[in-house]
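# can you look at this prediction? I've put the sequence above it.
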Amino acid sequence: MNTLRLQLRFIIPLLIALAITAYVTVPLVDRLTLRWSLRDLDTRSHLIASTLDDTLVDSLAYNDLPRAEQSFARVLQDERILALGLCDRNGSLVVHTQSFPDEVKCPDPADPTSRAAHLLKLPRGSVHVTTTAVGGLVPPIGTLVLVHDVSYAEKRSEDTRKYFIGLFIGLGAMIALITMIIAQLSWRGWVAGARAILRGEGLLRPIEAPMPELRPLAHDMRMMLRELDDERRAREELSDNQWQPQRLRKLLHEELRGDEVIVVSNREPYIHEDTPDGIVVRRPASGLVTAVEPVMRACSGTWIAHGSGSADRKVVDRNDCVPVPPDKPAYKLKRVWLTEADEAGYYYGFANEGLWPLCHVAHVRPVFRIGDWERYRAVNQRFADAVVAAARTDDPVVLVQDYHFALLPKMVREKLPRATIITFWHIPWPNPESFGICPWRKELLEGMLGSTILGFHTRYHCKNFLETVDRFLEARIEHEHTTVTYGGRDTLVKSYPISIHWPTAEETAVVPPIAACRAELRERLGVAPEHCVAIGVDRFDYTKGILERVNAVERMLEKHPSMVGRFSLVQIAAPTRSSLDEYRIFRERLQARVEAVNARFGFGRYLPIHLLSSHHEPDTLVRYYRGADACVVTSLHDGMNLVSKEFIAARDDEQGVLVLSQFAGAAHELLEALIVNPYHVEETADALYRALTMPAAEQGERMRSLRYVVREYNVYRWAGRMLIDAARFRRRGRIEQRLQGGDRQ
Ligand code: ADQ
């Protein structure tokens, strides 16, 4: 009974609506059909008139009316033409066929409107009358009057009307039938189930006894609605430009639903060292650690790294883990132990004598030794095993850091096929020709393509990577979506420009004021308060362009002698990879160059260049950044370069100038810096001079804009973008899995 009522409630209004539509539409269609038919008749009349024109002109001119009569008889064979008549110039009918109706008159020569085509209702039916001037002269010498029988047009219109009415009735019947079928099914539970899903009830509590065949569908619909909701929220997250640790934490909870996060890197974020005063904890000078540490603080996962400190073994538990940061533990650091031989082959050998110069265009030849390669592979396997052992689930999110672990993604994938592996390559990726010199290029690429997402700092590095894959592997590359399909798996290759943690108001509040930092720095250098100071902060690496910087300082002093005695560069350089010849030689060369410039331009206590070859704590670096007039970054090639961003973040006075190499990834974002080619000593020297003499207003304008970019595009956004993409991949994977499961059922 309910079903019947439902049907009637739906069908009756529907039928009324259909009837109204038919009532309005049918006469409209009727009129249109008639109009088309009459237009058709007009065209035919003009055609006949032009065919008869010569004959009719002669008939009238020579008064040969029988000739006109004969032509009329021929034309009359067309059954749609009822009658023809010829009028002279005075409007008198001079010749006509027998059928010519009395009611049809010649047009009045004085009334042009009487020439118009028109319909005429006669007792035996309607006719259509057209008139055409004969001879094409003005005024015409005669008029041909054609009378068409329009009964056939009326018939056509009648037929159309019938068809339309039939169509509407048929449509009504069909809709009514479908409604009845659906209503019948609904009685058995179909619609009830579907409605519950659409209302979202199924998301909160189980649908009450749905049809068994509907259960998989209901589940998939529920999940898909949830996926859509997640996608929407993810988009909202991205469009919001306030990225803070708590937002990242929220994102991890909502998007990854508390999924497990494991970081793998060579360098550990905290190093425990033995000292005469006991064990101390040090933070390494590393861009990678600077960037990833805040992410781990936000998501409380496990960080797996090489335990390199002399006291590292003393502080770990029996699983080689130690909670960090030491003052406020937020996540677990799991240490992997390497022998000296491991370090020599994997770290110093293949990673730093092979891959580092291979990826940086700094004109240092890469060295490839088979022994190093084997060590590299073995250590990658050891770290991969550590990831698998640390994983509590079969689908953790694994963040693989840098060129030390190119093989690890594939190794983890083999053991944990459902893991989401995000590999971030912190250094540049060279073009295929440069990369092609590596004897194990194919293995490296295959290892990296074990990743779900492969991130680089810039689109240019991504493009180079895709071209390299294209050159050396049989892979399918979708350039539009920047994905590589290899061995049946997809890898998204995307740029995620890394950044830094933007200091909070509380952190800024405890930093000494700018004036104090300036005074402290000049006092330390033993120079006057108005002395100009530029700062350089790097690891002691040949890619950082420190030699080129020293050359530029020398050239600037040559070109601007007024700066001698009034300017100094403070170069802070943390020792790094000191056991490698290349680094040792570089350091010696640099020291010699600095001594030469100081000998040439220094006097008394004045030194143009202060080389501080030691590690400095982050707080100390901030005081240097705040005390300087300019920061000089002259990398010959750099993935991003975080020093440039740290300098900007430290300058809440909106003063200070950044001189930045065009070969650093940061140059793509920090457009208001003075961008230089460090190989061009004149250009770099000029930029340095310009930085030191730039008016405060221009400094303010540039610095405000730079600060906006670094604040908005901070490290949380970097991580957030990658994790959002990872979450999307995981959702897609789950849907695919469900659908495959559904197919099998
Ligand atoms: P790095 O080559 O290490 O990083 P960079 O990005 O400049 O280069 O980061 C260096 C970090 O070490 C900065 O945080 C800096 O403050 C710190 N640092 C440098 N010298 C120091 C010193 N003497 N004492 C203390 N700290 C010091 C790699 C890539 C970069 C990329 C980062 C992040 O080579 O291109 O930007 O990873 O992805």
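Sure thing, it's come through.
# where do the helices of the stretch 201-350 of the chain begin and end?
In the stretch 201-350 of the chain, the segments counted as helices under DSSP state H, counting those that start in this stretch are 201-204, 215-239, 245-255, 287-299, 312-315, 340-342.
# actually the stretch 451-600 of the chain, not the one I wrote
Here the stretch 451-600 of the chain has its helices, by DSSP H, counting those that start in this stretch, at 459-472, 505-509, 514-525, 546-559, 581-601.
# so what are the sheet partners of the helix or strand that comes right after the last one and their directions?
It stands for helix 581-601. Once helix 581-601 ends, the next helix or strand along the chain (criterion: DSSP states H and E) is strand 609-612. Strand 609-612 sits in its sheet next to strand 567-574 (parallel), going by DSSP bridges.
# can you list contacts of the strand it pairs with?
With Cβ atoms under 8 Å, 6 or more residues apart in numbering as the test, strand 567-574 has contacts from 285, 521, 525, 527, 531-540, 546, 549-550, 553, 556-557, 590, 594, 606-616, 621, 624, 628, 632, 692. From N, CA and C alone the C-beta is placed, and that goes for glycine too.
# least confident of the helices of the stretch 451-600 of the chain, on average?
The minimum mean pLDDT among those belongs to helix 505-509 (a mean of 94).
# follow-up on the earlier one: need the buried ones from the contacts of strand 567-574 selected in PyMOL.
To isolate the buried ones among the contacts of strand 567-574 in PyMOL, judged by 16 or more other Cβ atoms under 10 Å, type:
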select buried, resi 285+521+525+527+531+532+533+534+535+536+537+538+539+540+546+549+550+553+556+557+590+594+606+607+608+609+610+611+615+616+621+624+628+632+692
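# tell me if I'm right that residue 272 and residue 279 touch.
Yes - with contact defined as Cβ atoms under 8 Å, residue 272 counts as touching residue 279 (5.4 Å).
# pLDDT weak spots in the chain?
1-8, 10, 137-138, 182-242, 285-287, 741-745 (pLDDT under 70).
# near the ligand, which residues of it?
Residues of the chain that fall close to the ligand, judged by Cβ under 6 Å from any ligand atom: 285-288, 290-291, 426-427, 498, 537-539, 572-574, 615-616, 621, 638-643, 646.
# do you know how far residue 258 is from the ligand?
Remark: distance between residue 258 and the ligand (Cβ to the nearest ligand atom, to the nearest Å) = 27 Å.
# thinking again about what came up before, out of the residues of the chain next to the ligand, list just those in strands.
Counted as lying in strands by DSSP state E, out of those, are 537, 538, 539, 572, 573, 574.
# what about residue 544, how many neighbours?
Neighbourhood size, residue 544 [other Cβ atoms under 10 Å]: 29.
# excluding covalently adjacent residues, which one is nearest to it?
Counting by Cβ to Cβ, 6 or more residues apart in numbering, residue 544 lies nearest to residue 538, which is 4.1 Å off, once chain neighbours are set aside.
# what's the closest of the helices of the stretch 451-600 of the chain to residue 267?
With Cβ to Cβ, the closest approach to residue 267 among the helices of the stretch 451-600 of the chain belongs to helix 581-601: 16.2 Å.
# got the angle for the closest one vs strand 567-574?
160 degrees (axes from the mean of the first three to the mean of the last three Cα atoms, to 10 degrees).
# what's the angle from helix 581-601 to helix 546-559?
Angle of helix 581-601 versus helix 546-559, following the same axes, to 10 degrees, is 10 degrees.
# for the closest residue in space to residue 679 that isn't next to it in sequence, which residues are in contact?
Nearest residue to residue 679, sequence neighbours excluded (Cβ to Cβ, 6+ apart): residue 548, at 6.8 Å. Neighbour list for residue 548: 634, 636, 678, 679, 681, 684 [criterion: Cβ under 8 Å, 6+ apart].
# checking the third one next. Helix, strand or coil?
Reduced to three states with DSSP: H, G, I helix; E, B strand; the rest coil, the structure at residue 678 is coil.
# isn't it right up against residue 684?
Yes - between residue 678 and residue 684 a contact is recorded at 5.7 Å, counting by Cβ under 8 Å.
# for the lengthiest helix in the chain, name the packing helices and strands.
Secondary structure of the chain read by DSSP state H shows that its longest helix is helix 2-61. Helix 2-61 sits against helix 65-75, strand 81-88, strand 125-134, strand 142-149, helix 151-187, with contacts defined as 3 or more Cβ pairs under 8 Å, 6 or more residues apart in numbering; DSSP states H and E.
# show me how far that helix is from its chain's centre.
Helix 2-61 sits 53 Å away from the centroid of its parent chain (Cα atoms, centre = their mean, to the nearest Å).
# let the chain start at 39 from now.
All set: I'll call the first residue 39, so the last point we hit is now helix 40-99.
# run the angle between it and helix 103-113 for me.
160 degrees.
# list the buried residues in stretch 705-714.
705, 707, 708, 710, 711, 712, 713, 714.
# please name the nearest non-neighbouring residue to residue 552.
That would be residue 691: by Cβ to Cβ, 6+ apart, it lies 4.6 Å from residue 552.
# bridging residues for residue 125?
residue 131, residue 181.
# to what extent is it buried, counted in neighbours?
Around residue 125 there are 23 residues (other Cβ under 10 Å).
# with residue 460 instead?
As a burial measure, residue 460 scores 26 neighbours (other Cβ under 10 Å).
# which ones are touching it?
Contacts of residue 460 (Cβ under 8 Å, 6+ apart): 435, 436, 437, 438, 489, 490, 491, 493, 760, 761, 764.
# quick check: the third one vs the ligand, distance?
Same thing as residue 437. Residue 437 is 13 Å from the ligand, by Cβ to the nearest ligand atom.
# same check on the first one?
In this structure, residue 435 and the ligand are separated by 19 Å, where distance is defined by Cβ to the nearest ligand atom.
# before we move on, what about the fourth one?
In this structure, residue 438 lies at 13 Å from the ligand, with Cβ to the nearest ligand atom as the measure.
# also residue 303?
Counting by Cβ to the nearest ligand atom - residue 303 and the ligand are separated by 11 Å.
# about what we covered before: filter the residues of the chain next to the ligand down to the buried ones, ChimeraX style.
The ChimeraX selection below is limited to those of the residues of the chain next to the ligand classed as buried (16+ other Cβ under 10 Å):
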select :323,324,325,326,328,329,464,465,536,575,576,577,610,611,612,653,654,659,676,677,678,679,680,681,684
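# need the buried residues of stretch 705-714 in TSV with secondary structure and distance to residue 66, can you?
Formatted as TSV, the buried residues of stretch 705-714 follow (DSSP: H, G, I helix; E, B strand; the rest coil; distance: Cβ to Cβ, whole Å):
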residue	secondary structure	distance to residue 66
705	helix	67
707	coil	63
708	coil	67
710	coil	66
711	coil	70
712	strand	73
713	strand	69
714	strand	75
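# widest-spaced pair of the residues you listed?
Farthest pair in the buried residues of stretch 705-714 (Cβ to Cβ) is 707 and 714. Separation: 16.0 Å.
# tell me the contacts of the nearest residue to residue 700 once chain neighbours are set aside?
Spatial nearest neighbour of residue 700, excluding adjacent residues (Cβ to Cβ, 6+ apart): residue 713 at 5.1 Å. Taking Cβ under 8 Å, 6+ apart, we find residue 713 in contact with 698, 699, 700, 705.
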